[in-house]
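one predicted model, sequence on top.
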Amino acid sequence: MTAPGKASVQDPATAGLDVYIVGGAVRDALLNLPAGDRDWVVVGATPDEMAKRGFLPVGGDFPVFLHPRSKEEYALARTERKSGKGYKGFTFYTGTDVKLEDDLQRRDLTINAIAQAPDGRLVDPLDGQSDIRRKVLRHVGQAFAEDPVRLLRLARFAARFHDFSIAPETLALARRLVDDGEVDALVPERVWREVAKGLMSDHPGRLFQVLESAGALSRVLRGLLFEDKKTSAELACAADKGLDLAARFALACRLSDDPASIGRQVRAPSECQDYARLLPVVLATVEHEGKEANRQARWLELMERCDALRKPDRFLALLAAASCAAKVDQQAWRARMAAVRAVDAGAIARTLQGQPARIKQAVHEARLAALRDAP
């Protein structure tokens, strides 16, 4: 195991505190994965004590602090009790009597409920190390069925750790979150955050497979048409090519009746919404390429609709995404775009000053002429 790091005994901010690294950093170290951000839990301290040590409070619902120098997050150990619907329907308790084991008991999966002391000692009351060895995603307790975010996280971790199975009883609790209506209380921003992380994994299709198997997909991404074999294969292609989030999201949505509406629904970034809207347009052209007489007009129409002249990189990225769903001659499209961009619209405008309609037509004809020599 590659240690995720230790609190320095020379650090005056943490000296004397009972601190532990928790969650993902410990899990990834046990899996020999690259170290990411470290999260810390502090046992037996109060908010006033943390503030006096220079920690900056940033938590909203419960006390979380930023280290005065490293800016890593330190949260007070806490317990939680269900008090309402959704992932915000909890009451938290962060008294000095909360033990580390109490804090670990409230976490989602056993593989995320392992802590490491500054001396390297592991605290693993739920035997998450065993589940890591067995490659199993297993819930910590029945409280899993009280927080709908845990269903999203389960799907996201299943996409990241694609060779891990999901314990049957964990999937049963995930389905209960749907049956009880808890998933309907999820806010769009939280849905998008977890979906985006899952999409950027090496096996993004599994995110949707898990949500579908739990009966949650139509509830958290309304209108999404997911065809497992086809969509998963296209997303695997996108992952293999290292395509960005916008391209992957567009591929995930492309079979749906209104892809862009799915992005609006979860408040995805505008770039992701644009890709989702434009990818079907690109595919409609590249899938029907032939030797028709007006093919140059179709090429130019596509480039204009995609604003390829002003946003060439986006157009090329859309073509790369399209290549995961259809045969696309990307080199030929590069040449076509270069030919159109080489037309000097400014020179044409200068020769036809004061005649905007004729300028527009002349530029259009010049671009079509340039495309006649393109592949």
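Structure's in. What do you need? Residues are numbered from 1 along each chain as shown.

which residues touch Phe144?
Residues in contact with Phe144 (C-beta atoms under 8 Å, 6 or more residues apart in numbering) are 108, 150, 170, 173-174. Every residue, glycine included, has its C-beta placed from N, CA and C.

how far away is it from Arg138?
9 Å (C-beta to C-beta, to the nearest Å).

about what we covered before: top of the contacts of Phe144 by number of neighbours, please.
When neighbours are counted by other C-beta atoms under 10 Å, Ala174 leads the contacts of Phe144 with 26 neighbours.

I'd say it and Leu151 touch.
Yes: under the criterion of C-beta atoms under 8 Å, Ala174 lies in contact with Leu151, with a separation of 4.8 Å.

who touches both of these two?
In contact with both Ala174 and Leu151: 214, 216, using C-beta under 8 Å, 6+ apart.

and the helices in the stretch 1-150 of the chain?
Listed in chain order, the helices of the stretch 1-150 of the chain (DSSP state H, counting those that start in this stretch) span 24-30, 47-52, 100-105, 128-134, 149-160.

would you mind finding the most buried of those helices?
Across these, averaging neighbours per residue (mean count of other C-beta atoms under 10 Å) puts helix 149-160 on top, at a mean of 25.

what helices or strands is that helix leaning on?
Counting contacts by 3 or more C-beta pairs under 8 Å, 6 or more residues apart in numbering; DSSP states H and E, helix 149-160 packs against strand 136-137, helix 168-179, helix 188-199, helix 205-213.

repeat the analysis, applying 6 Å as the threshold.
helix 168-179, helix 188-199, helix 205-213 (3 or more C-beta pairs under 6 Å, 6 or more residues apart in numbering; DSSP states H and E).

wait, which of the ones you listed is closest to Asp39?
Proximity to Asp39 (C-beta to C-beta) singles out helix 188-199 among these, at 15.6 Å.

which outside residues touch the closest one?
152, 156, 159, 204, 207, 220, 245, 248, 266-268 (C-beta atoms under 6 Å, 6 or more residues apart in numbering).

now, the most widely separated pair of these?
Pairwise distances among the contacts of helix 188-199 were taken by C-beta to C-beta; the largest, 20.7 Å, belongs to Ala159 and Arg267.

now the buried members of the contacts of helix 188-199.
152, 156, 159, 204, 207, 220, 245, 248, 266, 268 (16 or more other C-beta atoms under 10 Å).

next one: Glu212 from Arg310, what distance?
Plainly put, Glu212 is 38 Å away from Arg310 if you go by C-beta to C-beta.

of the two, which one has the most company?
Glu212 (15 against 9).

could you measure from the closest residue to the more buried one other than its chain neighbours over to Pro204?
Computed as C-beta to C-beta, 6 or more residues apart in numbering, the closest residue to Glu212 that is not its neighbour in sequence is Phe226, at 6.1 Å. According to C-beta to C-beta, Phe226 stands 12 Å off from Pro204.

what bits of the chain have low per-residue confidence?
Residue ranges of the chain with pLDDT under 70: 1-10, 60-61, 82-90, 290-293.

in it, which spans are strands?
For the chain, applying DSSP state E gives strands covering 18-22, 39-43, 56-57, 64-66, 73-76, 79-82, 90-93, 115-116, 122-123, 136-137, 165-166.

out of these, deepest packed?
Of these, strand 115-116 is the most buried (mean count of other C-beta under 10 Å), at a mean of 25.

tell me how far Asp373 lies from Ala335.
9 Å.

out of these two, which sits in the more crowded spot?
Neighbours were counted for Asp373 and for Ala335 using other C-beta under 10 Å; Ala335 has more, 15 against 10.

in contact with that one, which residues?
Going by C-beta under 6 Å, 6+ apart, Ala335 touches 374-375.

the contacts of helix 188-199 into CSV, with extra columns for distance to Arg27?
As requested, the contacts of helix 188-199 are arranged in CSV below (distance: C-beta to C-beta, whole Å):
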residue, distance to Arg27
Leu152, 18
Arg156, 14
Ala159, 15
Pro204, 20
Leu207, 18
Val220, 25
Leu245, 23
Arg248, 24
Val266, 27
Arg267, 29
Ala268, 28
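
tell me which of the residues you listed is nearest to Pro68?
Closest to Pro68, out of all of the contacts of helix 188-199 and judged by C-beta to C-beta, is Arg156, at 31.5 Å.

quick one: contacts for the closest one?
194, 197-198.

top of the residues you listed by neighbour count?
Highest count within the contacts of Arg156 by other C-beta under 10 Å belongs to Gly198, 27 neighbours.

state the distance from that residue to Leu152.
8 Å.

what's the answer for Asp244, then?
In terms of C-beta to C-beta, Asp244 sits 21 Å off from Leu152.

ok, Leu186 next?
The gap separating Leu186 from Leu152 is 7 Å, by C-beta to C-beta.

domain ranges for the protein, per the record?
Domain ranges of the chain: 1-128, 254-375, per automatic domain parsing.

okay, these in a markdown table with distance to Ala233 next?
A markdown table is the format used below for the domains of the chain (distance: least, C-beta to C-beta, whole Å):
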| stretch | distance to Ala233 |
| --- | --- |
| domain 1-128 | 26 |
| domain 254-375 | 8 |
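
what is the burial count for the spatially closest residue to Glu271 that is not a sequence neighbour?
Using C-beta to C-beta, 6+ apart and skipping the chain neighbours, the partner closest in space to Glu271 is Ala246 (4.8 Å). Around Ala246 there are 25 other residues, counting by other C-beta under 10 Å.

perfect, that will be all.
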